[in-house]
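Novice: okay, sequence plus prediction incoming.
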Amino acid sequence: MSDLQPVASRTAPPLVRAPARTSASEVRMETVEVSAMYGKFTAVKEVSLRFAANRVHALIGPSGCGKSTFLRALNRMHELSEHGWITGRVLLDGQDIYGSRVNAMQLRRRVGMVFQRPTPFPTMSIYDNVAAGLRVHGRHRRAELDTVVEQSLQQAALWDEVKERLRASAMTLSGGQQQRLCIARTVAPSPDVVLLDEPTASLDPQSTQRIEELLFELKRDYTIVIVTHNMQQAARVSDTTSFFYMGTMVESGPTRQIFTTPADEQTEAYITGRFG
Amino acid sequence: MNHRGLRRGVSNLMVGLVTGVVLVALLPLAFILVNLALQGAGSLSLDFFTRTPAPAGESGGGVVHAIVGTLIIVGAASAIGLPVGLAAGIYCAEYPASRLTWTTRFVADVLNGTPSIVVGVFAWAWIVATQRHFSALAGSAALAILMIPMVLRTTEEMIKLVPSSLREAALALGYPRWRTSLSIVVRTTLPGIVTGSLLAVARIAGETAPLLFTALGSQYLSFRPDQPMAALPLTVFTYATGPYEEWHRYAWASALVLILVVLVLSVGARLAIRRRFDFHG
Ligand SMILES: Nc1ncnc2c1ncn2[C@@H]1O[C@H](COP(=O)(O)OP(=O)(O)OP(=O)(O)O)[C@@H](O)[C@H]1O
Ligand SMILES: [Mg+2]
């Protein structure tokens, strides 16, 4: 467990984040032949992928091909689904997150997740929403919370819109603002990896654009894995792209390559819109 | 006749029907309230709220003993029934697949359908008969048993209404399961749970049958839970079936007071909740 505990310096983040903690080519997260099952049904088959630090990784593929299931295996949310189980290994900084000594709650602090629909906690204020992930891990000092809340809202490009009403209910925000609030809430505990499952699918074009711009900012600090149905979005925001089809990972590589010279016929058919 | 007109006509007809049905549903309630007020208000006086009954045959006196008795009996019943019902309801909503949940739900549904007098007999057999005397506590126990399944089922249903995405968001943030359940899920639906609990309190406050052979009733002001105690529903019953004209008027007034007590309880608790948990709309 000890390796997954946050190191001491990260419990009090500086106002300005230190530049990327790792060199760009370093592998932050790696899956080794990960299969994810619902009971007897195998939704994801033996997927091996590497996610380099400070990069945006896009997962694309037709509906039902297992993108969300795979994503949820990366922060141990899959095991909470009914009859959900998994084989293979998921390594975070070289350590298996399914190891017997790993605490899933601590792990999810290091691997945050943003969902398709905005999910602010309706009974909490804007401030409390952002602070929730810190408080639940025992960080209550007011000055520290103030700092992290401001910094996280700034990272999520929401600070200017809400700084006058941090005490207002999160439900007073628009859908796009709520999604950015969820991003702020996710980055507040300083995760290493941020998983986003179709984060713009329920948003208008302008909010979508804001969040896409945000990803460029966020990848300076985090490793990002994003599921998207929008080909243009994947092409715009990601550095690497992996194409999933019927539970298997068909092809993976630099985004430019996947979109210009895919090696696999199915990949080409999908990105040119012939199916999916 | 164009489609727009037809649609609007059908729409108006439906709105009219629904309004009519709502009125039919509200009519008996309005009738009861107006009737109670007309028949009972005349007998209300300061004495009625502050004094115990005059000896049989004499006029004057009040029902303070029954007001206090109802508050004590219902209070004790709620102190047992609410926590048990809430905890069991939360358990059933959290572990819908467990066998214990299935059993609990089954027992709750059976209890919900059990006539209250049967529960009273049960409390009599187990508490009154073994202790060899009537007691307020036996009444509270009977009411608590009636209350638990009501609170349990409304709590469970309310929690099930919370979208699972909210639960997932908390878990993904590193919330432990019990905290997800209490400070996110239950917290979100708390106003509904409180309303359901208040309805249960109001329901048992009016129960008469289970008190007849447990708390029994009394003519005196008493604070001892191990002794027989008066309660408003019992007072209504005694006065309404008594031989004197004045008693009948007191029965109406007691019924009115019972309704008022329930009203004050639920409105008060709701205001308290609203102030404590400001939802900003
Ligand atoms: N809770 C569940 N229980 C059983 N099967 C499930 C469950 N969730 C998903 N599945 C199945 O697993 C497969 C993969 O689903 P998943 O949600 O991962 O697909 P996806 O690629 O995210 O699709 P979409 O693009 O529509 O979100 C599908 O066949 C789906 O029916
Ligand atoms: Mg999905």
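Specialist: Happy to help now that I have it. Ligands and ions are numbered 1, 2, ... in the order given.
Novice: what's next to stretch A:27-46, contact-wise?
Specialist: The contact list for stretch A:27-46 (C-beta atoms under 8 Å, 6 or more residues apart in numbering or on different chains) reads A:22, A:47-53, A:66, A:69-70, A:72-74, A:78, A:81-93, A:111, A:192-193, A:223, A:225, A:247-248. Any C-beta I mention is one placed from the backbone N, CA and C, and that applies to glycine too.
Novice: kindly report the same for stretch B:59-70.
Specialist: Stretch B:59-70 is contacted from outside by B:45, B:47-54, B:136, B:205, B:215, B:218-223, B:229-235, B:246, B:250, B:253-254, B:257-258, B:261, using C-beta under 8 Å, 6+ apart.
Novice: am I right that A:Pro118 sits in a helix?
Specialist: No - counting by DSSP: H, G, I helix; E, B strand; the rest coil, A:Pro118 is not found in a helix; it is coil.
Novice: who are the contact partners of it?
Specialist: Neighbours of A:Pro118 in contact, by C-beta under 8 Å, 6+ apart: A:Gly175, A:Gln178, A:Gln179, A:Leu181, A:Cys182, A:Ser202.
Novice: looking at those residues, which is nearest ligand 1?
Specialist: A:Ser202 (12.4 Å; C-beta to the nearest ligand atom).
Novice: that older thread, buried ones among the contacts of stretch A:27-46?
Specialist: Buried residues within the contacts of stretch A:27-46, counting neighbours by 16 or more other C-beta atoms under 10 Å in any protein chain shown: A:47, A:49, A:51-53, A:66, A:69-70, A:72-74, A:78, A:81, A:84, A:86, A:88-93, A:111, A:192-193, A:223, A:225, A:247-248.
Novice: the longest helix in chain B is where?
Specialist: helix B:3-40 (DSSP state H).
Novice: got the buried residues for that helix?
Specialist: Result for helix B:3-40 [16+ other C-beta under 10 Å]: buried residues B:Leu36, B:Gln39, B:Gly40.
Novice: now stretch A:123-138
Specialist: Going by neighbour count (16+ other C-beta under 10 Å), the buried part of stretch A:123-138 is A:123-137.
Novice: quick one: name the residues of chain A near ligand 1.
Specialist: A:38, A:41, A:43, A:61, A:63-69, A:81-82 (C-beta under 6 Å from any ligand atom).
Novice: next step: these restricted to strands.
Specialist: A:Tyr38, A:Phe41, A:Ala43 (DSSP state E).
Novice: now do the same for the last one: its pLDDT.
Specialist: Read that as A:Ala43. For A:Ala43, the pLDDT comes out at 95.
Novice: kindly list the main-chain dihedrals of the spatially closest residue to B:Val185 that is not a sequence neighbour?
Specialist: Nearest residue to B:Val185, sequence neighbours excluded (C-beta to C-beta, 6 or more residues apart in numbering or on different chains): B:Val162, at 5.0 Å. When read as degrees, to the nearest 10, the backbone of B:Val162 gives phi -70, psi 130.
Novice: now do B:Val162: how many residues are near it, please.
Specialist: 19 (other C-beta atoms under 10 Å in any protein chain shown).
Novice: on that earlier part again, ok, of the ones in strands among the residues of chain A next to ligand 1, which one's closest to chain B?
Specialist: A:Tyr38 (14.5 Å; C-beta to the nearest C-beta).
Novice: may I have the beta-bridge partners of that closest one?
Specialist: With DSSP bridges as the criterion, A:Tyr38 is bridged to A:Phe41, A:Gly84.
Novice: hang on, the earlier thing: quick one: residues contacting the residue nearest to B:Val185.
Specialist: Counting by C-beta under 8 Å, 6+ apart, B:Val162 touches B:Val185, B:Thr188, B:Thr189.
Novice: scan those and report the most crowded one.
Specialist: That'd be B:Val185 among the contacts of B:Val162, by other C-beta under 10 Å, with 24 neighbours.
Novice: hang on, isn't that one packed against B:Arg167?
Specialist: Yes - counting by C-beta atoms under 8 Å, B:Arg167 is a contact partner of B:Val185 at 5.8 Å.
Novice: run a quick check on A:Ser202 versus A:Thr119, I expect a contact.
Specialist: No - A:Ser202 sits out of contact with A:Thr119 when judged by C-beta under 8 Å, with a separation of 10.9 Å.
Novice: of the two, who's got more company?
Specialist: A:Thr119 (24 against 16).
Novice: what are the phi and psi angles of the more buried one?
Specialist: Backbone torsions for A:Thr119, taken as degrees, to the nearest 10, come to phi -130, psi 60.
Novice: could you find the closest non-adjacent residue to it?
Specialist: B:Ala169 (3.8 Å).
Novice: the one you found: which element?
Specialist: Secondary structure assignment for B:Ala169, by DSSP states H and E: helix B:164-172.
Novice: and whichever helix or strand comes after that helix, how far out from the chain middle?
Specialist: Moving toward the C-terminus from helix B:164-172, the next helix or strand (DSSP H and E) is helix B:177-179. Between the centre of helix B:177-179 and the centre of its chain there are 29 Å (C-alpha atoms, centre = their mean, to the nearest Å).
Novice: follow-up on the earlier one: what about the helix holding B:Ala169 and ligand 1, touching?
Specialist: No - Helix B:164-172 lies out of reach of ligand 1 by C-beta under 6 Å from any ligand atom, never closer than 10.3 Å.
Novice: from the contact counts, what lies against that helix?
Specialist: For helix B:164-172, not one helix or strand is in contact under the criterion 3 or more C-beta pairs under 8 Å, 6 or more residues apart in numbering or on different chains; DSSP states H and E.
Novice: isn't B:Gly57 up against B:Tyr244?
Specialist: Yes - with contact defined as C-beta under 8 Å, B:Gly57 counts as touching B:Tyr244 (7.4 Å).
Novice: so these two - more neighbours on which side?
Specialist: Neighbours were counted for B:Gly57 and for B:Tyr244 using other C-beta under 10 Å; B:Tyr244 has more, 12 against 8.
Novice: ramachandran angles for the more buried one?
Specialist: Torsion angles, degrees, to the nearest 10, at B:Tyr244: phi -100, psi 150.
Novice: quick one: contacts for it?
Specialist: Applying C-beta under 8 Å, 6+ apart, the residues contacting B:Tyr244 are B:Ala56, B:Gly57.
Novice: now the residue nearest to A:Thr119: how far from A:Leu181?
Specialist: Remark: distance between B:Ala169 and A:Leu181 (C-beta to C-beta, to the nearest Å) = 11 Å.
Novice: and for A:Leu59?
Specialist: Applying C-beta to C-beta, the value for A:Leu59 to A:Leu181 is 24 Å.
Novice: the more surrounded of those two?
Specialist: For A:Leu59 and A:Leu181, the more surrounded residue by other C-beta under 10 Å is A:Leu59, and the numbers stand at 29 against 25.
Novice: what sits up against the helix or strand hosting the more buried one?
Specialist: Here A:Leu59 sits within strand A:56-60, counting by DSSP H and E. With contacts defined as C-beta under 8 Å, 6+ apart, strand A:56-60 is touched by A:49, A:51, A:67, A:70-71, A:215, A:219, A:223-229, A:231, A:233-234, A:237-244, A:255, A:270-271.
Novice: what's the model's confidence in it, averaged?
Specialist: On average, the pLDDT along strand A:56-60 is 95.
Novice: one step back: among the buried ones among the contacts of stretch A:27-46, which ones are in strands?
Specialist: The members of these that map onto strands under DSSP E are A:47, A:49, A:51-52, A:84, A:86, A:88-92, A:111, A:193, A:223, A:225, A:248.
Novice: farthest pair in those residues?
Specialist: A:Ala52 and A:Gly84 (27.4 Å; C-beta to C-beta).
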